[in-house]
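K.L.:
Here's a sequence, model it:
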Amino acid sequence: MTGQYDYQKYRVLFVDDEVQTTDLVCEYLMDTFEVVPAYNAEEAWTKFEEDPDSFAVVVTDQRMPGDQGTDLLEKIRSLRPRTIRILCTAYADIDAAIDSVNKGAIYKYITKPVETPELEMNIMRAMEFYLIQRERDLLMREKLSALQRLMMTDRLISLGVFAAGLNHHMRNGLTAVKTFLDLAPLKLQSENVSLESLRNPNYWNDFYATAQESMQKVLDLLKEVQEIPEPPPVPDDDQVDLNVVIRDALERVKGELANRSISVDFSAAEVPAIAASRGMIARLFDLLLRDESANANEGGALRIFLEPQASVDDKAGVHVVLEDDGPGLTTENLQCLFDPFFTRRGQPDQYGINLLAAFFLVHHHSGTISAEKSEQGGVRFDIWLPVDPSSMPSLQGEEAFLQRVMEAERAWEKKLIGE
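P.N.:
Predicted coordinates:
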């Protein structure tokens, strides 16, 4: 983490049953931190529980009426393990110290009396530790997300190379088979052979229909693989309103959704237009909605909503959520959702190519797509698309990202050894 620390970005919870001392300490610290006072463990827990993500540091006395300081720290640890916990007590109590380490897993143990400037310095170090920890966690998530995208992109590129190499040869071979199947009835007529004269004409008719159907499935699959898009050769100047794109896509698949009685909850939202290929973005939502129409619960519900959302680099973008109410997937299956030929329901006649192509469409617009378990019990897709893809970091941005990672790791190591 670089630059000046923002000590008021998160709050400090200060807990002590000595009212006058607590008020004076909080007044002293207010210039540096946003301090929330509490006069016992129960009050402190109530305030913390109301908005746990807003607190970075908790400083508590040990001996108070009601719950002890270690009890409070243990509860805080169970709810938000990353919150920095400091125990401050006037008693040289070895049992309290042991409890605070074993139960509260504290950051620091301070013995009273402590000078207010010293307490301020300890809280500053704790706040820095928390901020660095959050930056490190954010970078780790970014690294994992980047690694996932890299692996998926590599898999897609490999699939594209494989398809390009085999597509020509496979189509040549299949053309001969397809031609034979198409011409077979005419050839039989020219040979004066009637299917009705055969001992089991139904068998030959059914087999012929199955062969034609299977051949068409193979050709459709090759077409889907072939249509996994290449990056646009030049930046596209289309200004795309995602509300319109999604509404139009819903109109195109309404029959498929209606066949399985899937209801849709979607209403337009105030979001900026994005610079994108209109055709590619339309295909993206066609693929996602067709996947939902095939895999969501029959008679289930599909919810779609949009919101403006900036990226971690403060790049303007639009966040789209598309979620169903089931069936759900295991964590392992969710990780495989975009893998080539993975199918959500495990049906052998499903290709599983739609989500793979959707991933590539988002990737080529410098966006992100991920899947997780929905609160409704099904699958939730989170799609983020930048307003201006050309503004997204390229190689230079990747180098800056790596530099941020290394700086955060060095700062983290220094904090761990107490520098």
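
K.L.:
switch to C-alpha atoms for all contacts and neighbour counts from now on
P.N.:
OK.

K.L.:
Could you tell me which residues make contact with the residue nearest in space to the middle of the chain?
P.N.:
Centroid-nearest residue in the chain: S370, 4.4 Å away (criterion: CA atoms, centre = their mean). Counting by CA atoms under 8 Å, 6 or more residues apart in numbering, S370 touches 381-383.

K.L.:
Please spell out the ChimeraX selection for the buried subset of the residues you listed.
P.N.:
Only the buried entries of the contacts of S370 go into this ChimeraX selection, using 16 or more other CA atoms under 10 Å:
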select :381,383
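
K.L.:
between the contacts of S370, which is nearest T21?
P.N.:
Set against T21, the nearest of those by CA to CA is D382 (48.5 Å).

K.L.:
residue contacts, the closest one?
P.N.:
Taking CA under 8 Å, 6+ apart as the test, what D382 contacts is 319-322, 368-371.

K.L.:
Quick check: buried residues in the helix or strand L288 falls within?
P.N.:
Using DSSP states H and E, L288 falls within helix 278-295. Of all the residues in helix 278-295, those buried under the rule 16+ other CA under 10 Å are 278, 280-295.

K.L.:
and if you look at stretch 203-210?
P.N.:
Y208.

K.L.:
tell me the mean pLDDT for it?
P.N.:
Here stretch 203-210 scores 80 as its mean pLDDT.

K.L.:
ok, now stretch 298-307?
P.N.:
Mean per-residue pLDDT for stretch 298-307: 93.

K.L.:
related to what we said a few turns ago, any idea what the residue nearest to the centre of the chain is bridged to?
P.N.:
D382 (DSSP bridges).

K.L.:
measure it to L139 for me?
P.N.:
17 Å (CA to CA, to the nearest Å).

K.L.:
Over to L79?
P.N.:
On the measure of CA to CA, L79 and L139 end up 22 Å apart.

K.L.:
S263 now?
P.N.:
38 Å.

K.L.:
Settle it for me: which of these two has more neighbours?
P.N.:
L139 (20 against 16; other CA atoms under 10 Å).

K.L.:
tell me which element that one falls in.
P.N.:
helix 116-190.

K.L.:
Give me the average confidence score over that helix.
P.N.:
On average, helix 116-190 scores 75.

K.L.:
Okay, and the beta partners of F14?
P.N.:
Beta-bridge partners of F14, as defined by DSSP bridges: P37, V59.

K.L.:
Would you confirm that it contacts C26?
P.N.:
Yes - using CA atoms under 8 Å, F14 is in contact with C26, at 7.5 Å.

K.L.:
Name the residues contacting each of these two.
P.N.:
35-37.

K.L.:
coming back round to it: okay, the angle between the next helix-or-strand element following the helix holding L288 and helix 278-295?
P.N.:
Sequence order places strand 301-308 as the next helix or strand after helix 278-295, per DSSP H and E. Orientation check (axes from the mean of the first three to the mean of the last three CA atoms, to 10 degrees): strand 301-308 against helix 278-295 gives 150 degrees.

K.L.:
And strand 301-308, how far out from the chain middle?
P.N.:
From the chain centre to the centre of strand 301-308 is a distance of 15 Å (CA atoms, centre = their mean, to the nearest Å).
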